[in-house]
Each structure stands twice: as structure tokens, then as C-alpha cells.
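Asker: the sequence isn't on hand, but the structure is:
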């Protein structure tokens, strides 16, 4: 058995790969010592080879993993395995967002990253949800329930939160503000896609792919383009790392 571990900023994901398929997976919130937590998560598998990706990949390599792989390559491999016809990957995680262009073999040909601030990331949505007193799981559905188009001008988290507070104080219903927050994130994704180009099928990965409003807004902005969310999008990076572990072990 081969294992991939994605030590992200918010969660730790594990994928176990055997006989050409993912046979098990785990997901937990990141604790104070994510490398020790990840080590415990994979202990039951007794893996032949472990590859780590994500923010904590080098720490994992130092303590238990056999090697590392970048998040870009991990998400590309994971998506190509699940959706081989995809030519573009949109990965929105806790602390960064990425748009990745693939060739027909699933190899990375270009990418764009937003890793300088929280704008357009899962953390940005978390902060805005908290400001509007929504549980994170309710934030996307609440935004979808609104049809009011208002605009948030700043994508800086600090200034955007100030705009949100100002809107609340003006009596704007919070579901309308929630829609504006999601619209600003979708616009940022579209801008990143425009900079690298995209094909006829875009695949979403990362935790924010579970947000129905973000996905729908991206679909609405892209005519004649299929936007697909694979099963368990949060696990895509770990899946790619597991496939790389099998490849290095001579099994792919």
C-alpha cells in the first residue's frame, strides 16, 4: 500500500492507494503538531512508501515521509487520475489559491498562484462568514439564496471586512452581503484563469470546491465551459501524492 499525505494549513488529508485505486482516505483538522498527527493517521496502513505535499510537506519529510511533491503537481496528478479530460485545475485551499493548466498527459504546462495574502482563499471566506455570523457550511447556501447584486471593492481581507461591517451597519441583509463576498472571490478566480488560459473542462479541487455558491458563480461566468467538482475535492492533493508514492515504488 502507498500513502499520500497533504498537510494543509487548515486540514490534514490522507489517501491510501493500492492496486491502481484509492482504497481509503482520512481528513482531520490540523492540530498544533501536524506532522505527529499525520504520522498517527497513517500508522494503521503500514505503507511501503509515503509522499507528502502541502504546507507541512518538508516537516513530514523530516519526520516520517519518504519524499515530497509540490501542491501544483499533486493536484494535477490527482485531477488527471479522476478526470483525465480536464485541461485546467482550480484549487482553492485555506491559505492560497491556484489555477493550473494541463496537457493531455496531465502534465503541468502553466500555473498562477495567489499566495501573498488571504484574498480569494478559504481563510478569506472563513473570516467573512464569521463577520456575518454564519457557520462556514451555511455561508455558500445563504449567498445562493440572494439575488441582490452588490459589490465589495477590496479583496484585502482587512479592508473587505471593514466594507462588510459598514454594509451591516447600513442595514443591508446579510445574505446579500454574503453573495457579494462570494462574487468577489469568483471574479478573482476568473481573472487568474484569464491569465493562463483554459480549455473546455475545468476541474475544482480543494476545500472551497465544497462551497456551492463559488462553483455556481464560476460556472455562470464561463460560457461553453464545463466546470466539474470531483468526489471528495479536498482529497485531490493527497490522492496525487499517493499516486506519486506508488510511481516511485514502481507500481504506476
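Answerer: Ah, there it is. Here the structure is a predicted model, which means the values were calculated and not measured.
Asker: list the buried residues in stretch 136-149.
Answerer: Within stretch 136-149, the residues that count as buried by 16 or more other C-beta atoms under 10 Å are 139, 140, 142, 143, 144, 146. The way it works is simple: take the backbone N, C-alpha and C, and place the C-beta from them, glycine included.
Asker: and if you look at stretch 37-56?
Answerer: By 16+ other C-beta under 10 Å, the buried positions in stretch 37-56 come out as 37-39, 41-42, 45, 47-56.
Asker: likewise for stretch 190-201?
Answerer: Those would be 190, 192, 193, 198, for stretch 190-201 by 16+ other C-beta under 10 Å.
Asker: list phi and psi for the residue nearest to residue 174 when sequence neighbours are not counted.
Answerer: Nearest residue to residue 174, sequence neighbours excluded (C-beta to C-beta, 6 or more residues apart in numbering): residue 132, at 4.7 Å. For residue 132, the backbone dihedrals are phi -100, psi 10 (criterion: degrees, to the nearest 10).
Asker: which stretch of helix or strand covers residue 52?
Answerer: For residue 52, the element it lies in under DSSP states H and E is strand 49-53.
Asker: remind me what that strand packs against, helices and strands.
Answerer: Packing partners of strand 49-53 (3 or more C-beta pairs under 8 Å, 6 or more residues apart in numbering; DSSP states H and E): strand 2-7, helix 57-63, strand 67-68, helix 71-82, helix 236-248.
Asker: most packed of the ones you listed?
Answerer: Across the helices and strands packed on strand 49-53, averaging neighbours per residue (mean count of other C-beta atoms under 10 Å) puts strand 2-7 on top, at a mean of 30.
Asker: partners of that strand in the sheet?
Answerer: strand 11-18 (antiparallel), strand 49-53 (parallel) (DSSP bridges).
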